[in-house]
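Peer 1: Sequence isn't available, so here's the structure alone:
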């Protein structure tokens, strides 16, 4: 299954809702620094393309806000320079 299909699947959407609920809908990275920021996505700690066997493993999933998720994926333009564009 391609990644785009994976992220649209009903199974992933159910898992995503469960992880967001588990994490109290809070960005777990921001929370480490005492900031309460709403989580908007669920991130694979060990990336899906490299570790497909961990795709639905709770311990490999974490709720993040958009900014933290972008920082976790500099290869997608969300690194140091990509965030400057968001203003």
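Peer 2: Thanks, I have the structure now. Since we're looking at a predicted model, the values are computed, not measured. Numbers count the residues shown, from 1 in each chain.
Peer 1: OK, contacts around residue 29?
Peer 2: When contacts are counted by Cβ atoms under 8 Å, 6 or more residues apart in numbering, residue 29 touches 62, 64, 65, 68. (Glycine included, C-beta is placed from N, CA and C.)
Peer 1: same check, this time on residue 45
Peer 2: Contacts of residue 45 by Cβ under 8 Å, 6+ apart are 60, 61, 62.
Peer 1: now residue 44
Peer 2: Counting by Cβ under 8 Å, 6+ apart, residue 44 has contacts 51, 54, 55, 60, 61.
Peer 1: By neighbours, which of these wins?
Peer 2: Counting neighbours by other Cβ atoms under 10 Å, the top entry in these is residue 61, with 21 neighbours.
Peer 1: show me the biggest helix of this protein in terms of residues.
Peer 2: For the chain, the helix that runs over the most residues, judged by DSSP state H, is helix 10-22.
Peer 1: Next, work out how far apart residue 70 and residue 41 are.
Peer 2: 10 Å (Cβ to Cβ, to the nearest Å).
Peer 1: I misspoke; the intended subject was residue 73.
Peer 2: To residue 41, residue 73 is 10 Å away according to Cβ to Cβ.
Peer 1: Compare neighbour counts for the two and give me the winner.
Peer 2: Taking other Cβ under 10 Å, residue 73 and residue 41 do not tie; residue 41 has more neighbours (18 against 13).
Peer 1: Next one, pLDDT for that one please.
Peer 2: Per-residue pLDDT puts residue 41 at 96.
Peer 1: who's in contact with it?
Peer 2: By Cβ under 8 Å, 6+ apart, the contact list for residue 41 reads 16, 63, 64, 65, 66, 69.
Peer 1: what's the closest of the residues you listed to residue 47?
Peer 2: Nearest to residue 47, judged by Cβ to Cβ, of the contacts of residue 41 is residue 69 at 12.2 Å.
Peer 1: Now for that closest one, how many residues are close by?
Peer 2: 20.
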